[in-house]
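Colleague: model this:
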Amino acid sequence: AALTVRFLTRRFIGEYGDMEFIYSHNLTVDGREILLHIWDVPSSQEQAEDGSSEEKRIQWADSFVLVYSICDRASFNILPLKIQFIKAAKEGQSQEKVPIVIVGNKRDLHHQRVVSSEEGRLLALSLDCGFYEVSAAE
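Modeller: The predicted structure is shown next:
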């Protein structure tokens, strides 16, 4: 949520509850106006739900940004399963690749890092995803 709000408002808010939100935002890319809808779901809520709710979100979306904390190994370790689930649901019989980006957040907390940048890059490469490391705070 902090990363989404930072992207939309350019402000950092550090604490969020475990609620999901759908944000809408107009963006100009290459001279074209694009309307983004962002369905922001905290991982704690995803883990508590059944697969049908997650499947509904996957079918709703055209692309995916999966965020983990570089300070939380568990948030990183669930990514391969999530990505396989997304690819199975979206690509199925289709030959079209679903856009997925893995984002390591909290780069500013490098002293608490437990997941290296190299691990993130290698995971993204092995799963054919994009990769970035950022800091919502900075």
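Colleague: sec struct for Ser24, please.
Modeller: strand (DSSP: H, G, I helix; E, B strand; the rest coil).
Colleague: quickly list what it is bridged to.
Modeller: His37 (DSSP bridges).
Colleague: again with the one 4 residues further on
Modeller: When bridges are taken as DSSP bridges, the partners of Thr28 come out as Glu33.
Colleague: and the helices in this protein?
Modeller: Counting by DSSP state H, the chain has helices at residues 2-9, 43-48, 51-60, 73-77, 79-90, 117-126.
Colleague: turn those into CSV, including mean neighbour count, distance to Gly104 and mean pLDDT.
Modeller: For glycine as for every other residue, the C-beta is placed from the backbone atoms N, C-alpha and C. Formatted as CSV, these follow (neighbours: other Cβ atoms under 10 Å; distance: least, Cβ to Cβ, whole Å; pLDDT from 0 to 100):
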stretch, mean neighbour count, distance to Gly104, mean pLDDT
helix 2-9, 16, 11, 76
helix 43-48, 12, 14, 52
helix 51-60, 13, 22, 75
helix 73-77, 15, 8, 96
helix 79-90, 16, 10, 90
helix 117-126, 15, 5, 98
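Colleague: out of those helices, nearest to His25?
Modeller: Nearest to His25, of all the helices of the chain, is helix 2-9, at 5.3 Å by Cβ to Cβ.
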